[in-house]
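Visitor: for reference, the sequence and a predicted model appear below.
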Amino acid sequence: GGVVTFDSDNMSQDPSIDPPVSIAVNDSEQTADELPVTINEGEDEPHDEDTSAEDELDGLHEDSGRVAKPAVAAEEDGYDTDLEIEEEKEDFDASGRKVYLEQCEALRIVPVSFFLRNMQQQEIDLKHHGIGPKGAKAIAVALVSNTNVLQLNLSDNGLDSDGGIAVANMLKENCYISHLDVSFNKLGLRGGLAMAETLQTNMNITHCTLSGNGLSDKTAEQFAEGLKVNYKLRELDLSHNKLSEPAGTALGPAIAENEGLHRLDLSWNHFRGRGAIDIAMGLKANQVLKTLNLSYNGFGNSGVLAIADALKINSTLLELDISNNRITAEGAALLAKALEVNDTLKVLRIGRNPITTAGVSAIIAALVKNGNSSIEELSFTDITISEDIAKMIEELKQTRPELRITHGGLGAVTKAKPRQDPMIVLKQYIEDRNLRLVDFFNQVDKDKSLSVSPEEFRKGLQNAKIPLKDWEITQLIARLDANDDGEIDFSELVEGAQNAKEDLREQKRQEDRSASARQSVLAGQA
């Protein structure tokens, strides 16, 4: 609403000087140099023809007489605009590929191409890849933040203690892996303790395989603690280790308290005596375990008696394997008493025990007597039966056609002599010929490498005409090659001989106890 006027007197005196402009606003006058100019967005600003667009833009940020600062920008020099360029952010690497390659470079190892190709998969099977301790560390660091892998198999990779510790530490951070297999990696005491401690805190692992790692009794306490507190673990495999009587005493109460485990494999260890009894007592109190493998231990009759007591109470166990446990006909008869009342067990494997035809007969008779028995599979592997027992089996199958029974075929009716432990047979052969253990091994080890293949060992036993059946040789090789590396070295043979010696002593003690018990029964009858 202002009025613009010009002073004609001043304009006429000096044409080189621009006339001052008076602007009247609300009845007051100011010169253009005194009045701040507000430049509104969208309006064209008057400017000289020689002024470039760049100069004009610069003028907006200069405090000059010709163009003033924008009123909005006058408050502060720095201000946000839509023209600012945002910093680029790297995408999160859910697989850990970049970290893995960096670790491999730092450790100076070659990356495992199979691992790189499968880091985005849910299951990675890396068994037999020769990863080693350093490789395990690189993989572990990469898997800390990996959200893809759910099942990890690192079996037979020579991880040793350091590699096992690296994997265990990774599992303290990773909350996705549920299936873990680190079997036959020689984890030893330190690696075993690290894994056991992980099971105490990681509630995401449901399946854990730790077989063939040389785990000793010193790790048992930690594994027992893990079984007590971990209610998510469903399957645990501790087979092919060095767990013996103290470990059984530690694990027994833990089995009793456990509330989540469905499958437990303790086969190919050295459980005997009090430790075997404690494991059986744990089974008696357990209410969730469905499959228990105790084969190739030393339970004997005292251990199977405790198992029989457990089966009279336990109503959840579906599968039990007590093969090769030095159980005699007397022990089989004790077990048969439990089978007369148990109505939940479906699979029983008791083969390769010296139970003779008498023991087989007692068990079959128990199934005939128990009309509510759920037994579907019964294994008497390598145990011969008589024609009378064969007839009993056929009659039982007529009423229960789903029943599967395996045995060693028809044999003599007379009582068969129990076969000795293959390692004891080998040891006796060496002693009878006044040889040392190293002398026999040198005969087999043609190249003097102190290590032989299973085929070389088998051929050496056959050439020496040691009285062992083919399946007994297979059993002996499997026992000596506990780490499943395809080689039997001299130290493994020495360890096997020492274990056989202890087993022989335990067998002698059991025979003495059985003889004493029979004498007591006879004395009572008299």
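Guide: Received the coordinates, thanks. Numbers count the residues shown, from 1 in each chain.

Visitor: all strands for the stretch 51-200 of the chain, in order.
Guide: Under the criterion DSSP state E, counting those that start in this stretch, the stretch 51-200 of the chain contains strands at 123-125, 151-153, 179-181.

Visitor: kindly reformat those as a markdown table containing mean pLDDT.
Guide: As requested, these are exported to a markdown table (pLDDT from 0 to 100):
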| stretch | mean pLDDT |
| --- | --- |
| strand 123-125 | 96 |
| strand 151-153 | 97 |
| strand 179-181 | 98 |
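
Visitor: mean neighbour count, the ones you listed: which tops it?
Guide: strand 179-181 (a mean of 21; mean count of other C-beta atoms under 10 Å). For the C-beta atoms, the positions are set from N, CA and C on the backbone; glycine is no exception.

Visitor: output the strands of the stretch 51-200 of the chain in TSV; the columns should cover distance to Glu495.
Guide: Formatted as TSV, the strands of the stretch 51-200 of the chain follow (distance: least, C-beta to C-beta, whole Å):
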stretch	distance to Glu495
strand 123-125	30
strand 151-153	27
strand 179-181	24
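
Visitor: so for Leu396, which of those strands sits nearest?
Guide: With respect to Leu396, and counting by C-beta to C-beta, the nearest of those is strand 179-181 at 39.3 Å.

Visitor: mind listing the strands the closest one pairs with, and their directions?
Guide: strand 151-153 (parallel), strand 207-209 (parallel) (DSSP bridges).

Visitor: what about that strand, distance to the chain center?
Guide: Taking C-alpha atoms, centre = their mean, to the nearest Å, one finds the center of strand 179-181 at 3 Å from the center of the full chain.

Visitor: need the contact list for Glu245.
Guide: Asp217, His270, Phe271, Arg272, Gly273, Arg274, Gly275, Ala276 (C-beta atoms under 8 Å, 6 or more residues apart in numbering).

Visitor: burial count for the second one?
Guide: Other residues near His270 come to 22 when the count uses other C-beta atoms under 10 Å.

Visitor: what sits against it?
Guide: Shown in contact with His270 (C-beta under 8 Å, 6+ apart): Lys242, Leu243, Ser244, Glu245, Asn297, Gly298, Asn499, Glu502.

Visitor: can you tell me how far the nearest residue to the fourth one once chain neighbours are set aside sits from Gly132?
Guide: It stands for Glu245. Spatially, and ignoring its direct neighbours in sequence, Glu245 is nearest to Gly275 (3.6 Å; C-beta to C-beta, 6 or more residues apart in numbering). Relative to Gly132, Gly275 is positioned 34 Å away (C-beta to C-beta, to the nearest Å).

Visitor: and what of Glu394?
Guide: For Glu394, the distance to Gly132 - C-beta to C-beta - is 56 Å.

Visitor: repeat for Gln200
Guide: Distance from Gln200 to Gly132, by C-beta to C-beta: 27 Å.

Visitor: just put the contacts of Glu245 in TSV and tack on pLDDT.
Guide: Output for those, formatted as TSV (pLDDT from 0 to 100):
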residue	pLDDT
Asp217	96
His270	95
Phe271	96
Arg272	93
Gly273	92
Arg274	95
Gly275	96
Ala276	96
